[in-house]
Structure formats: C-alpha cells, structure tokens
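# Sequence plus the predicted model coming up.
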Amino acid sequence: MRETAVTATVNGRPVSFFCDPTTSLLECLRDVVLLKGPKIGCLDGNCGACAVLLDGRLVNSCLVLGVEADGREITTVEGLESWPGLSALRQAFTEEDGLQCGYCTPGIIVAVKALLDRDPDPPAARIRDWLAGNLCRCTGYETIVRAVQSAAATLRESRTSDGEAGA
Amino acid sequence: MHGYDYRAAQTVDDAVTLLAAPGARPLAGGTDLIVQLRRAERDAALLVDVKRIPELLDISFDPSDGLSFGAAVACTDIAEHPQIADGYPALADAARLIGGTAIRNRATVGGNLCNAAPSADAIPALVVLDARCIVRGPSGTRSIRAAEFCTGPGTTVLQPGELLVSLRLPPPGTRTGARYLRFIPRGEMDIAVAGAACMIRLEEQGDTIAEARVALASVAPTPLEIPDAAAALIGRPAGEDAFEQAAGAARESARPITDQRGTAALRTHLAGVLVRRALGDALRRARGEQLDA
Ligand SMILES: Cc1cc2nc3c(=O)[nH]c(=O)nc-3n(C[C@H](O)[C@H](O)[C@H](O)COP(=O)(O)OP(=O)(O)OC[C@H]3O[C@@H](n4cnc5c(N)ncnc54)[C@H](O)[C@@H]3O)c2cc1C
Ligand code: FES
Ligand code: FES
C-alpha cells in the first residue's frame, strides 16, 4: 500500500499531505489539516455530521477517500466565516433553538450553505428534503427548519438593501 | 479495513489496463464500495477511480439516437438534467430517490447497477426504459440489456477487468410514459421494501396499450423484469382493469424473502399496489400530463 501525496485547497488555502488510500477525507481534515468542524458520526453516509463541500457540492467526507481530494477544493464549516449567511444562521439557530448539543450543527450549516446558494427562498418542504441526510438526535428538526427559513429571510433582506445601497 | 492502492484513471483504456491487475475494482461514488470495504464485506487490492474519465462523465441526448450517459455521472446530475426530466422521467424518479443530497452528489446510476443490490432503485427504471449497458474490457466492447445485467445479490455479468462505460436509452417514444415508485417506511434515506417501474406506450389513436414493460425491486435476488405483467397490458385498453391484471401478474412473479425490512407477504402485496399506482402515473405521463411530485 502506497502513501500518496495529496494537494488540495481547503477553505481557500493550499494544503499538501501524504495519505494512505484507505484514509477518509474526514480523517485527513480532522487529523492532518486539524479542522474539527466536520464531525465523526456514523461513518457510513447516513448522518451528515461529516458534511463538507467538495468543489462546491455537498458530500459526506466519511465516504470520500483523502486521495480523491487531490486537486479539489474543499470547504468545511470553518471556511464559511466570510459568508454573510453564517452570521445570519448563527443568530437564527440561537433565536429558534436550532441546536442543543450542537454535534449535528456544523454539517447542517454546510448543507444549508449549499441549499441557499441554489435557492435563496426555500419552502419548508424543500429544506426538510435537502436536510434528509443530516440527522439530529436533539431538536426534532422543527426548530432547524424555522431557523433556516429565518436566516434565509435575513440574507435576502441584506442582499436587497446592499443592492439598494449600491444602486 | 484491509489495505488497497488507489489510482485515478484518466481514460477508458487507462482504466481497462489498471483493472487487469488482480483484486482491482472500479470506484465510482464509493457510496456502496467504501462502506463495504470498511465493513470487510468486500475486498480490493486496487481501487481504480473512474470519476476523472471524461467519457464516463458525459451526458448526451439526441432525438433520433436517444440518451447516453457515462457510468460515473452522479445521481444529482441525472435527476436535474432537463432532457432526462422531460424524456426519461422514470429514470429521474429513481435518481431523485437514492440517498439524500450528499449521497446523490456522489452516488452514480452506473454504481447502482454494478453493485447489483436487489433493492437498487435505478435498475427497474433502466429495465423498463430498455437501457443497454455498454461495457469495455480486455477483449473489446459489448452491449448488455439492463434486464440481463444482474445475476444475483451483488453479482453481475461483468467479467474481471471489465468496465461499465455508459448507459444508452432509446429515444423517448410518443404517447409513452414511465414511472418508478418505491415503498419505504419513512419519507427518504431508506432502502426499498419493494419498488416498481412501469412503462406503457399507447397506440397512436385511442387508449389501447401497444407496448409495456414492468420491473420490480426488492422482491427477488435481482431486480426482476415481469414479462407476464407486460403481456397482461399489451393490446388492452389502459385503465384499472388492465392495471389490476398486471398487478396480479407482479404478485404471482414476486419471489421475495422476509427480512428486517418486511415480510415476504408484505412485499408481495406491495408489488401489486406499486405496479397499479406506477401504471396510473405512467398513463398520465403518456397522455402528456404532469405528475404532482
Ligand atoms: C446513506 C445511503 C443511502 C443510500 N440510499 C440508497 C437508495 O435510496 N437507493 C439505492 O438504490 N441505493 C442507495 N444507497 C446505495 C448507493 O448509494 C447506490 O447504490 C449508489 O448508486 C452506488 O453508486 P456509487 O457510484 O457510489 O458506486 P460505488 O460504491 O463506487 O460502486 C458500487 C459497485 O459498483 C462497481 N462499479 C462502480 N462503477 C463501475 C463501473 N463503471 N464499471 C464496473 N463496475 C463499477 C464498484 O466496483 C462497486 O462494486 C445508499 C447508500 C448510502 C450510504
Ligand atoms: S459520519 Fe459521515 S455521514 Fe455520518
Ligand atoms: S443538536 Fe444534538 S444532534 Fe442536533
């Protein structure tokens, strides 16, 4: 078994590491790149705790091999700091009680980023469907859906007022 | 997990050469294979990543040639492709049901077929749409009907070293409609207790069924085509009578097992219900009507 050199862009920064082909991207991110946002959950694609964006697409990093990330762009929850949606989501998740223990939250935030990039005003049914692969043992999901809708509204308003300010 | 090497193939020839090595396996989205390797349900000495081969990522549609898509196209791209939604909605139905958002962004229809689970959602749709599986191997290219591809749970007609390159579907006919439906106890993210795909083509005038195909998931060791159900439909007026006959043939042909997801009796019952409902939806599509969801 050969260790392979992997060069990728993680949260906008170039990273290089050696990786055994059996190692998941999740392990590489947590143990080599030292980003603890992606969480270890089921490790078989069912819970979404490990969700990241790979070239802008939502994936479960437990089901991606580290070696598959070569030449790709990866965004973890830590990489969303400059996205205006993150502060809107922080506030909405706090106000709506969208989290309790918070273990599922980084994966959900990343999934919501991917959703709002495609649909800035998703109806509740679309949010539920989009987040079907993100399990939460605490909240019962109602508050998460409300928080996403509230953050989406905030984000739309800020875009409109930015647009007006810029015009 | 036992150790294995990894190589990303750049071309089909490259992949076929790499797959000649003992213990080599293609890796598409990995949503079956990585889980199986981790649980030591499968073994591999070398994973040949096929997701960087342009030919395996291509989707092309031509009204006279039909649809061709590469074995490494993700389910998301199938489900969201406008010409697939328009001309092959039963395939889009199945691609949209597989996993959740993150799974669909990786999982491929080609991998669904090659993994050959009895419950695989895309296979019945491929069968009723009369898909051809284009396979390349050390001794050349061959074409296999989707209905003949799976030989048992997890086994296919693929020989060691062979690669599924693409799937080809004939042009969508006029007055033709197809639908895939499955039953699961929750709304999403589950394995089909039973599934049914149905295709019907109506005569140019009137409601007589000129052509039909029916296939089931999760009622036999492989996804199963039901010729008796098709025979019960062809030449008869489309409607509840014919659909109930086809549902009866589906119940007769089902050979399900009892497991933690459902009893054999439940699966047999579901096969009939799903065939009847899928035929109703297929008829609506054949008449050019849109389905609600
Ligand atoms: C959480 C979760 C939910 C799921 N939900 C569903 C569901 O609802 N319905 C469903 O049907 N399945 C479901 N699955 C199973 C799986 O996602 C699908 O079967 C998927 O389509 C497999 O595709 P893949 O690209 O990931 O295949 P891989 O895992 O990459 O490969 C599967 C098999 O096919 C072989 N293979 C892949 N490509 C080729 C090729 N081009 N030529 C030859 N052999 C090849 C591989 O060697 C391997 O043996 C789910 C899986 C998970 C983890
Ligand atoms: S840890 Fe990856 S989906 Fe659960
Ligand atoms: S807040 Fe605890 S798992 Fe979601």
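Here it is on my side, so go on. All values derive from a computational prediction rather than experimental measurement. Ligands and ions are numbered 1, 2, ... in the order given.
# give me the low-pLDDT residue ranges for chain B?
Residue ranges of chain B with pLDDT under 70: B:1-2, B:293.
# what comes up buried for stretch B:65-76?
Neighbour counts over stretch B:65-76 (16 or more other Cβ atoms under 10 Å in any protein chain shown) mark B:Gly66, B:Leu67, B:Ser68, B:Phe69, B:Gly70, B:Ala71, B:Ala72, B:Val73, B:Ala74, B:Cys75, B:Thr76 as buried. C-beta coordinates here come from the backbone N, C-alpha and C atoms, glycine included.
# quick check, the host helix or strand of A:Glu27 touching chain B?
Assigned by DSSP states H and E, A:Glu27 falls within helix A:25-27. No - using Cβ under 8 Å from any Cβ of the partner chain, helix A:25-27 stays clear of chain B, with a minimum separation of 10.5 Å.
# got a list of contacts for the following helix or strand past that helix?
Heading C-terminal from helix A:25-27, the first helix or strand you meet, by DSSP H and E, is strand A:51-54. For strand A:51-54, contacts defined as Cβ atoms under 8 Å, 6 or more residues apart in numbering or on different chains pick out A:25, A:29, A:38, A:58-61, A:64, A:69, A:72-76, A:106-108, A:110-111, A:113-114, A:133-134, B:102, B:105.
# So which of the residues you listed belong to helices?
Among the contacts of strand A:51-54, DSSP state H puts A:Leu25, A:Pro106, A:Gly107, A:Ile108, A:Val110, A:Ala111, A:Lys113, A:Ala114, B:Ala102 in helices.
# neighbour-wise, which of the residues you listed leads?
B:Ala102 (32 neighbours; other Cβ atoms under 10 Å in any protein chain shown).
# was I right about that residue contacting A:Gly133?
Yes - using Cβ atoms under 8 Å, B:Ala102 makes contact with A:Gly133 at a distance of 5.1 Å.
# about what we covered before: turn the ones in helices among the contacts of strand A:51-54 into JSON lines, including distance to ligand 1.
JSON lines is the format used below for these (distance: Cβ to the nearest ligand atom, whole Å):
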{"residue": "A:Leu25", "distance to ligand 1": "15"}
{"residue": "A:Pro106", "distance to ligand 1": "19"}
{"residue": "A:Gly107", "distance to ligand 1": "13"}
{"residue": "A:Ile108", "distance to ligand 1": "16"}
{"residue": "A:Val110", "distance to ligand 1": "17"}
{"residue": "A:Ala111", "distance to ligand 1": "14"}
{"residue": "A:Lys113", "distance to ligand 1": "21"}
{"residue": "A:Ala114", "distance to ligand 1": "17"}
{"residue": "B:Ala102", "distance to ligand 1": "8"}
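# farthest pair in those?
Largest separation among the ones in helices among the contacts of strand A:51-54 by Cβ to Cβ: A:Leu25 and A:Ile108, giving 18.6 Å.
# which residues touch the residue of the stretch 101-250 of chain B at minimum distance from ligand 2?
Across the stretch 101-250 of chain B, the shortest distance to ligand 2 (Cβ to the nearest ligand atom) belongs to B:Ala102, at 7.3 Å. Applying Cβ under 8 Å, 6+ apart, we find B:Ala102 in contact with A:Gly45, A:Gly48, A:Ala51, A:Leu58, A:Val59, A:Asn60, A:Ala111, A:Gly133.
# Then A:Asp55?
Here A:Asp55 is in contact with A:Arg72, A:Glu73 (criterion: Cβ under 8 Å, 6+ apart).
# again, but for A:Ser16
A:Ala5, A:Val6, A:Thr7, A:Ala8.
# count of neighbours near the spatially closest residue to A:Cys136 that is not a sequence neighbour?
Of all residues not flanking A:Cys136 in the chain, A:Cys104 sits nearest, at 4.4 Å (Cβ to Cβ, 6 or more residues apart in numbering or on different chains). A:Cys104 has 26 neighbouring residues, counting by other Cβ under 10 Å.
# pretty sure A:Cys104 contacts A:Cys47?
Yes - if you go by Cβ under 8 Å, A:Cys104 and A:Cys47 touch, sitting 7.5 Å apart.
# I figured B:Gly177 was touching B:Arg284, is that so?
Yes - counting by Cβ under 8 Å, B:Gly177 does reach B:Arg284; the two are 6.7 Å apart.
# Buried only: go through the contacts of A:Ser16 for me.
A:Val6, A:Ala8.
# Among the contacts of A:Ser16, which pair sits farthest apart?
A:Ala5 and A:Ala8 (10.7 Å).
# Quick check: residues of chain A near ligand 1?
A:Asp44, A:Gly45, A:Asn46 (Cβ under 6 Å from any ligand atom).
# who touches both of B:Ala102 and A:Gly133?
A:Gly45, A:Gly48, A:Ala51, A:Asn60, A:Ala111.
# which residues sit in contact with the fourth one?
What it means is A:Asn60. So A:Asn60 contacts A:Gly45, A:Gly48, A:Cys50, A:Ala51, A:Gly133, B:Ala102, B:Ile103, B:Arg106 (Cβ under 8 Å, 6+ apart).
# what do you get for the first one?
With contacts defined as Cβ under 8 Å, 6+ apart, A:Gly45 is in contact with A:Asn60, A:Cys62, A:Leu63, A:Gly133, B:Thr31, B:Val35, B:Gly99, B:Ala102, B:Ile103.
# roughly how far apart are it and B:Gly23?
24 Å (Cβ to Cβ, to the nearest Å).
# Which residue would be the closest one in the stretch 151-293 of chain B to ligand 3?
B:Met189 (15.8 Å).
# That residue: what secondary structure?
Under the three-state scheme (DSSP: H, G, I helix; E, B strand; the rest coil), B:Met189 adopts coil.
# Could you pull up phi and psi at it?
phi 50, psi 50 (degrees, to the nearest 10).
# just checking, it touches B:Thr101?
No - using Cβ under 8 Å, B:Met189 is not in contact with B:Thr101; the gap is 10.1 Å.
# Which residue, other than its chain neighbours, is closest to residue 28?
Using chain A here. A:Gly66 (3.8 Å).
# Not quite, go with chain B.
Nearest to B:Ala28 is B:Gly111, by Cβ to Cβ, 6+ apart, at 3.9 Å.
# dump the residue contacts of the one you found.
B:Ala28, B:Gly29, B:Thr31, B:Asp32, B:Leu33, B:Ala71.
# And it, how far from B:Ala72?
From B:Gly111 to B:Ala72 the distance is 8 Å (Cβ to Cβ).
# what touches both of these two?
B:Ala28, B:Gly29.
# Next, B:His269: secondary structure please.
Once three-state DSSP is applied, B:His269 turns out helix.
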